[in-house]
Structure formats: structure tokens, C-alpha cells
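J.: need coordinates for the below:
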Amino acid sequence: MLLRSLSGLLYVTLLIVVLSLNTPHAFIILFFILGILSLYEFNKLIQLKSIVPYFIFVILYIVFGYWRMVLSSDMGLDEATQILMVLTIFVNLFLIKDLFSRKSIPLFITKRFIITTFYLSSGFVFLVLIASVFSPKILLGSFILVWVNDSFAYLVGKNFGKQKLFEKISPKKTVEGFLGGLFFSCIASYFIFSLTETLNFTNWLMLAIIITVFGTLGDLIESKFKRQADVKDSGTIMPGHGGLLDRLDSIIFASPFIYLFLRILHYVS
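T.: Below is the predicted model of the structure:
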């Protein structure tokens, strides 16, 4: 328990410090490392022994992330970003479809490359874009909403959970836990609104709902990949917690939906 607490505290502190400081290079380096390590863990889950996904990740990260955040230039990439967003959401919706199927997620070689590109690599790209195009505080608030949802979904589910959410994929997740996580995330959105001075309360409330719904789906999808691979955790880099992908699966999956919501807000305003 002590080791679990220390590793979790280090992870949370590192993200809060990097996202709170106005240091684009530190942010780019940190999320590049997190992305590469998560990609490594995911490739092991789907048994993809190729360096191609790493090259794709680096290209996407530099083109859509580095130039936007560090060089403060979109280089005419706005249309390309929208295309990437549509493709990423499209692939994620197919993963949601696979989640509701009793069969295993099909992992033929082409689909493995598609998933690593538009599920994982693009997920990290949109995390960077949320911070660079909008605000690092919005990304930090999104992480906090994920943490609040995960914590209270566990606490409520453990103490009051009766009806299983996806028993064959994640036996410990319950409907009551999901609703508890959603409720407390909505409460947390008010405090995030008060402290960050970025979006209004209604927008943060909508983000809390988006993050809870798609974050939970992302967690379940990764659980299905792990069940197919017959492993408990995606890795061992975080003692007591498992792998980095186990900690980032929710925000990675939710990131393109968060970005889409923020773009809609921007155009409406």
C-alpha cells in the first residue's frame, strides 16, 4: 500500500507540476516519454512486434504537437487536425462497438496498425493539442476529473455496488460506481471552474460528463484488450498500479472527444 501510494503520488505530482508551469518543452518531453512507454505496453498487449507504430507516433507528435506548442505555429495544419480528429473518433467508435460484442476484438495485422495509430498515438496528440490550442489548465482540469471519477467510482462501487456494468470484461465495475463517479465529477467541475478561470461552469459540467462517459469506456476497452492478452496489468512500471497505460487509458480515449467539444465551443463563441 505504501509503495502504491508513493508511485501514485509521484505520477500525480509530476503531471500537476508540468501542467501548472508555463514550460512547453517540459510538457512536450514528458508526454512524449509517456506516449512511447504506453505504446510499448499496448504493443505487447496486442502482440505487435514492429517499430512502425513508434515512427508513426513520432511523426504525429512532432507535426501536430511540437510545432503547435513549442513553435506556436499551426503551419496550416488546422484542416489536417480536423481530419485526424474525425479518423480518431471513428476508430474509437468502432472500439466501442467491439466492447459490446461478446467476441474478442479482431486483431488482424492491419487493424493493429490502425488501432495503434488512431487510438493510442492520436490520443496523445490530442492531449497536447488541448493544452497548446486551448489551455494547459483545461488539460489539468480534465486529468483531475478523470482522477475524481476513478476514485469515487471505486469507493461507491465497493460500498454500494450491486449491478454489474460489464461483468465479463471488468467484474468489479458496477452501475452504482459509474453513477457515483459521474456525480462527484460533476461536483468537482464546479471547483475546477472556480480555480482555473478558463471555461464557465456549464462547460466544465459538460466536460465532466464527457470525460466520465468516454473515460469509463476507454478503461473498459483497455480491460478487454488485457483480458484477451490474459494479463492483469498492461505493465509494471508503476508499483501497485500496473502500467502507464492502466493510468492513462481513460484520458487517452476521451481526449479527441474533449478536443471536439472545445472546438465546438470555440466556433460557437
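
J.: output the below-cut-off pLDDT ranges for the protein.
T.: Across the chain, the ranges flagged by pLDDT under 70 are 1-2, 4, 69-76, 239-241, 269.

J.: give me the longest strand you can find in it.
T.: Criterion DSSP state E: the longest strand present in the chain is strand 170-174.

J.: strand partners of that one, parallel vs antiparallel please.
T.: Sheet pairing for strand 170-174, assigned by DSSP bridges, gives strand 164-166 (antiparallel).

J.: which stretches of the stretch 101-250 of the chain form helices?
T.: 109-115, 122-129, 136-160, 175-196, 201-229, 244-268 (DSSP state H, counting those that start in this stretch).

J.: just those: most buried one?
T.: Among the helices of the stretch 101-250 of the chain, ranked by average contacts under mean count of other CB atoms under 10 Å, first place goes to helix 122-129 (a mean of 26). (Glycine included, C-beta is placed from N, CA and C.)

J.: coming back round to it: which of the helices of the stretch 101-250 of the chain sits closest to Tyr40?
T.: Checking these against Tyr40 by CB to CB gives helix 244-268 as the closest, at 9.0 Å.

J.: returning to that earlier point: now tabulate the helices of the stretch 101-250 of the chain in JSON lines and tack on distance to Ala26.
T.: As requested, the helices of the stretch 101-250 of the chain are exported to JSON lines (distance: least, CB to CB, whole Å):
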{"stretch": "helix 109-115", "distance to Ala26": "29"}
{"stretch": "helix 122-129", "distance to Ala26": "13"}
{"stretch": "helix 136-160", "distance to Ala26": "11"}
{"stretch": "helix 175-196", "distance to Ala26": "19"}
{"stretch": "helix 201-229", "distance to Ala26": "24"}
{"stretch": "helix 244-268", "distance to Ala26": "18"}
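
J.: among those helices, which is nearest Phe55?
T.: helix 109-115 (11.2 Å).

J.: list the helices and strands that closest one packs on?
T.: Using 3 or more CB pairs under 8 Å, 6 or more residues apart in numbering; DSSP states H and E as the contact definition, the elements that helix 109-115 packs against are helix 52-60, helix 78-99.
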